[in-house]
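Undergrad: pasted the sequence and its predicted model underneath.
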Amino acid sequence: MVFCEKLNLLMTTLSISNSRLARALSVDASLVSRWRTGTRTPGKKSEHIKTIAGYFSGQAKMDFQKAALFEIMGLDPQRYDNDPRMLAEFLCNWLAGETLPNVRIIDRFIGNLETFRQQKPVPPADKSETDSPAHLFKGMPLKTEVFFGIKGKQAGVIRFLSAVAAHPNPCTLLLYSDENIEWFSEDREFLAGFVRLLTHIITLGHKIKMIHNISRDMAEMFAAIDFWLPFYLSGAVEPYYCPRYREHYFRRTMFIAPRVAALTSTTLAGREKSAANFYCADRGFVDSLTDEFNDFLAMCRPLMHIFTGNNTAGLDSLLEKFAEQPGHCLVLSNSLTAVTMPDGLFDRLLDRAGIKGETKENLLSLRRANYKAFMTNLENHRYIEIVSLPSPEEILSGRVPVESPHLFGGAALCYSLH
């Protein structure tokens with residue numbers, strides 16, 4: 001194969017687009033296009049060859065991806081143990097047309113094809129061998145329950161959550177579904193039962209890691225977040241999303257309680273109403289799905305950061321990073337924010353709330369950093385506050401309590417007026 005064929009094969013295998021590769025190499029997308037069509041070819045000693053090899057070896061994060069690249073080059077992945085240190089070097093030599101320490105996969109395939117053509121036809125097997133092929137396919141019998149369609153999926157989910165609730169030891173549930181959420185949201189009776197069971201499970205000490213599909217339309221996304229928000233605020237749910245998610249013909253659901261049970265389904269998009277949903281408590285089956293979920297989770301990023309109660313470690317640094325992000329800012333709060341507050345007023349409010357010493361200095365330092373970022377951002381972007389304040393009658397009647405200042409939302413320290 002020539003360079004353009006090799007590059008096309010790499011990009012197809014790892015689903016890399018022209019624009020994505022161009023951004024990674026800091027070149028124009030038209031150059032990548034010319035490489036792929038063969039109208040331009042980088043020299044064997046070109047830095048582009050090394051950079052391309054390094055990029056693709058870095059993109060192959062999963063073992064199966066590394067194995068695929070070794071196979072493409074005609075190398076035995078087991079021999080090199082998918083060693084990432086050697087993968088980039090081999091890719092560089094392969095793209096440059098250098099000899100690799102093994103035959104190329106195409107040559108091997110052609111050789112095997114010629115050998116096959118020269119072989120004599122294999123005579124039919126004895127009838128005794130074809131009647132009972134079970135000796136060739138010895139699978140492990142599993143006790144699996146199958147639930148069909150939407151009602152079946154709902155019953156399977158309740159079956160799964162009930163098994164988790166009955167298990168003596170808390171675990172971390174692993175949840176993912178990119179199916180249409182109608183099966184979940186439109187049956188109020190099911191939803192009520194689901195909420196009761198999930199709440200009970202959380203009170204028993206179980207945690208949840210959940211991967212959201214952010215490719216849904218806006219209405220579905222807000223509906224999902226609205227439902228899960230109370231559970232997020234309990235601190236028991238960690239939400240994630242996959243930045244590299246792509247729409248596929250198939251839809252997948254995985255509800256897993258490691259070492260306990262799993263409910264899973266795979267169906268063609270639009271066929272969810274007749275899909276088979278498999279519930280299984282077999283240890284090997286559940287372990288296999290858990291490994292698959294964790295490999296997927298490794299590609300994901302946190303959808304949001306949740307801080308509850310005394311769990312505020314890292315909140316200050318996160319708020320600073322948020323304030324430093326350039327762009328328009330919209331703040332929804334029940335009080336005026338600290339970033340637009342005069343220094344003297346902010347200081348007096350801290351004293352009034354009894355906040356002193358190191359805690360006060362940390363809050364003042366955070367406010368100064370946020371204010372600096374706020375002024376810089378205000379030069380080119382809009383800042384909008386939507387504030388819901390108590391009525392004058394409530395304030396004059398004394399029914400509005402004075403609350404301790406606290407950090408709220410992205411970068412605001414909120415307070416109540418008295």
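TA: Right, received. Where do you want to start? Nothing here was measured: the structure is a model prediction, and the numbers come from that model.
Undergrad: so for stretch 343-359, mean pLDDT?
TA: On average, the pLDDT along stretch 343-359 is 85.
Undergrad: and it, end to end?
TA: Using Cα to Cα, to the nearest Å, the end-to-end distance of stretch 343-359 comes to 17 Å.
Undergrad: may I see the buried residues of it?
TA: For stretch 343-359, the neighbour count (16 or more other Cβ atoms under 10 Å) marks F346, L349, L350, I355 as buried. (Each C-beta comes from the backbone N, C-alpha and C, glycine too.)
Undergrad: and the strands in the stretch 301-418 of the chain?
TA: Secondary structure of the stretch 301-418 of the chain, counting by DSSP state E, counting those that start in this stretch: strands at 301-302, 329-333, 383-387, 406-408, 412-414.
Undergrad: please apply the same query to the chain.
TA: 144-148, 172-177, 207-212, 237-241, 250-257, 261-268, 276-280, 301-302, 329-333, 383-387, 406-408, 412-414 (DSSP state E).
Undergrad: of these, which is nearest F56?
TA: strand 301-302 (21.8 Å; Cβ to Cβ).
Undergrad: how far off centre is the closest one?
TA: Computed by Cα atoms, centre = their mean, to the nearest Å, the chain-centroid distance of strand 301-302 equals 6 Å.
Undergrad: helices and strands around it, which ones?
TA: Packing partners of strand 301-302 (3 or more Cβ pairs under 8 Å, 6 or more residues apart in numbering; DSSP states H and E): strand 237-241.
Undergrad: so how far is the strand it packs on off the chain centroid?
TA: Its chain's average C-alpha position is 8 Å from that of strand 237-241, according to Cα atoms, centre = their mean.
Undergrad: direction included, what does that strand pair up with?
TA: Applying DSSP bridges, strand 237-241 is found paired with strand 207-212 (parallel), strand 301-302 (antiparallel).
Undergrad: how much space is there between R36 and N18?
TA: Using Cβ to Cβ, to the nearest Å, one obtains 7 Å as the distance from R36 to N18.
Undergrad: now list whatever residues contact both of those two.
TA: M11 (Cβ atoms under 8 Å, 6 or more residues apart in numbering).
Undergrad: number of residues surrounding the nearest residue to A68 once chain neighbours are set aside?
TA: Nearest residue to A68 in three dimensions, chain neighbours excluded: T13, at 5.6 Å (Cβ to Cβ, 6 or more residues apart in numbering). Close neighbours of T13, defined as other Cβ atoms under 10 Å, add up to 16.
Undergrad: T13 reaches I72, doesn't it?
TA: Yes: contact criterion Cβ atoms under 8 Å: T13 and I72 qualify, at 6.5 Å.
Undergrad: touching, I202 and S234? I think so.
TA: Yes: contact criterion Cβ under 8 Å: I202 and S234 qualify, at 6.0 Å.
Undergrad: weakest of the strands paired with strand 237-241 in terms of mean pLDDT?
TA: strand 301-302 (a mean of 86).
Undergrad: contacts for that one next, please.
TA: With Cβ under 8 Å, 6+ apart as the test, strand 301-302 has contacts from E238, P239, Y240, Y241, C242, P243.
Undergrad: ok, and the most crowded of those?
TA: Neighbour count (other Cβ under 10 Å) singles out P239 as the most crowded of the contacts of strand 301-302, with 22 neighbours.
Undergrad: noted, bye for now.
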